[in-house]
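> Here's a sequence, model it:
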Amino acid sequence: MEQLETVPPGLEAGEGMVQILDAEGRRQEDPQYGPLAAELAAEDLRAIYRDMVLTRAFDGEATALQRKGELGLWAQCLGQEGAQVGSAHALAPRDFVFPSYREHGVAQVRGVDLRDLLPVFRGVRHGGWDPRAHNFHLYTFVIGAHTLHAVGYAMGVQRDGDVGTGDPARDRAVVAYFGDGATSQGDTNEAMVFAASANAPVVFFVQNNHWAISVPTSTQSRVPLVHRGAGFGIPSVRVDGNDALACYAVTRAALESARSGGGPTFIEAVTYRMGAHTTSDDPSRYRDKAEEERWRAKDPIARVRAYLQREGLADAAFLAAVDDDAAALTESAREFCHALTAPPHERMFDHVYSAAHPLVTEERAAEAAYQAGFADAEGER
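Numbers count the residues shown, from 1 in each chain. Below you'll find the predicted structure:
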């Protein structure tokens, strides 16, 4: 019987992978995507760096809050800031994002108050922000389920005529963010069938962080995940997920294609989950320190900082100001979390449907009567 490869071909070597900044922050030549990255102005590059630093600081604080019992769970994005922030900076305001449950960097770029992520993980709200205000959907915790939602939304955009008009104020696209584990889910594969069949304006952005909880990517796939998209007839690109500039350029090209009527694109961003899958996970049980150290040397934040400093685009005052902003964010997040209180029980029936529904109305009344029974019993004492 033929044995599976321990590591899919090219996964460590970077074969066929788009890269603009190497691990030391040195600029690499890429004739296709390099010109797109070159259009980033100095202030854009500094914004990418700042968003990554703030995301990591918030992520660390949320992890600490969970460890102290303030959150029920937390899903870290440690190490994936380059893939998330870089790609999110390529989004236009009218583009719509369907995240999974660890896209904290994308939320930061889309203007979501990161503190509003905390009530969901504390279990006091179904969602902490208005998706329409940021064109950023609520987190999806059922792995891969939102890929179908993204394609359905993209097909709606298509049928509204908001694709291929040539009007940048009208044309728009959709991005679905998910991890390597979700590529094994039926929903994700069905989503790609529909996307390819309808030529839907959607970008599948896969953050291959090497581990679907404790299952390595090599167990899920004998070949790089980028070939999954090609199998459905979807143009596919493999990018260094720890290179924020490359992620920006590749995503920008995919979005421009989608908005112009070019259909879906599948992006595999090869990155690494430096932390645990969630705070209920212990990665030391299934991976070794040597692997973690190899990837720590490819830190996405360190390489952008090195590039900014090498090019004279960030001085000590700017870097210190970013660190100060990060410290202020963590303090604010901590105070915000400590002040959270549970809402009335009947709040769970809000926003189930966009309009009144008889079954929800009946269940809301039953819950109210149930809660009133406790008050009556207390009064009889």
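> How about the contacts made by Pro93?
Asn135 (Cβ atoms under 8 Å, 6 or more residues apart in numbering). Bear in mind the C-beta positions are built from the backbone N, C-alpha and C, glycine included.
> Quick one: list the elements packing against the longest helix along the chain.
The longest helix of the chain (DSSP state H) is helix 42-67. Contacts defined by 3 or more Cβ pairs under 8 Å, 6 or more residues apart in numbering; DSSP states H and E place helix 42-67 against helix 81-88, helix 104-109, helix 118-122, helix 244-259, helix 300-310, helix 316-338.
> Quick check: which of the ones you listed is nearest to Thr219?
helix 81-88 (21.6 Å; Cβ to Cβ).
> ok, then the element right after the closest one?
strand 96-98 (DSSP states H and E).
> Run through who's touching that next one.
The contact list for strand 96-98 (Cβ under 8 Å, 6+ apart) reads 88, 91, 103, 106, 110, 135-137, 140, 146-147, 149-150, 153, 157, 172-177.
> among these, which are in strands?
Val174, Val175, Ala176, Tyr177 (DSSP state E).
> which ones are touching the first one?
For Val174, the contacting residues are 95-98, 150-151, 153-154, 157, 200-203, 258, by Cβ under 8 Å, 6+ apart.
> likewise Gly275?
Thr63, Gln76, Leu78, Gly79, Pro283.
> Against Val223, how distant is it?
As for Gly275, its distance to Val223 is 27 Å (criterion: Cβ to Cβ, to the nearest Å).
> Over to His338?
Shown here: His338 relative to Val223, a distance of 48 Å by Cβ to Cβ.
> you'd agree His104 is up against Asp59?
Yes - using Cβ atoms under 8 Å, His104 is in contact with Asp59, at 5.7 Å.
> Pull up the overlap in contacts between the two.
What both His104 and Asp59 touch, as defined by Cβ under 8 Å, 6+ apart, is the set Cys77.
> any residues touching the helix or strand hosting Glu293, and which ones?
Following DSSP H and E, one finds Glu293 within helix 289-296. Contacting residues not belonging to helix 289-296 are listed as Gly79, Asn242, Tyr272, Met274 [Cβ under 8 Å, 6+ apart].
> CA-only coordinates of it in CSV, if you can.
The C-alpha trace of helix 289-296 is given here as CSV (Å, rounded to 0.1, in the frame of the first residue of the first chain):
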residue,chain,number,x,y,z
LYS,A,289,8.9,22.8,20.0
ALA,A,290,11.3,22.6,17.1
GLU,A,291,8.4,23.0,14.6
GLU,A,292,7.1,26.0,16.5
GLU,A,293,10.6,27.6,16.6
ARG,A,294,11.0,27.1,12.8
TRP,A,295,7.8,29.1,12.2
ARG,A,296,8.5,31.6,14.9
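> Cool, thanks, signing off.
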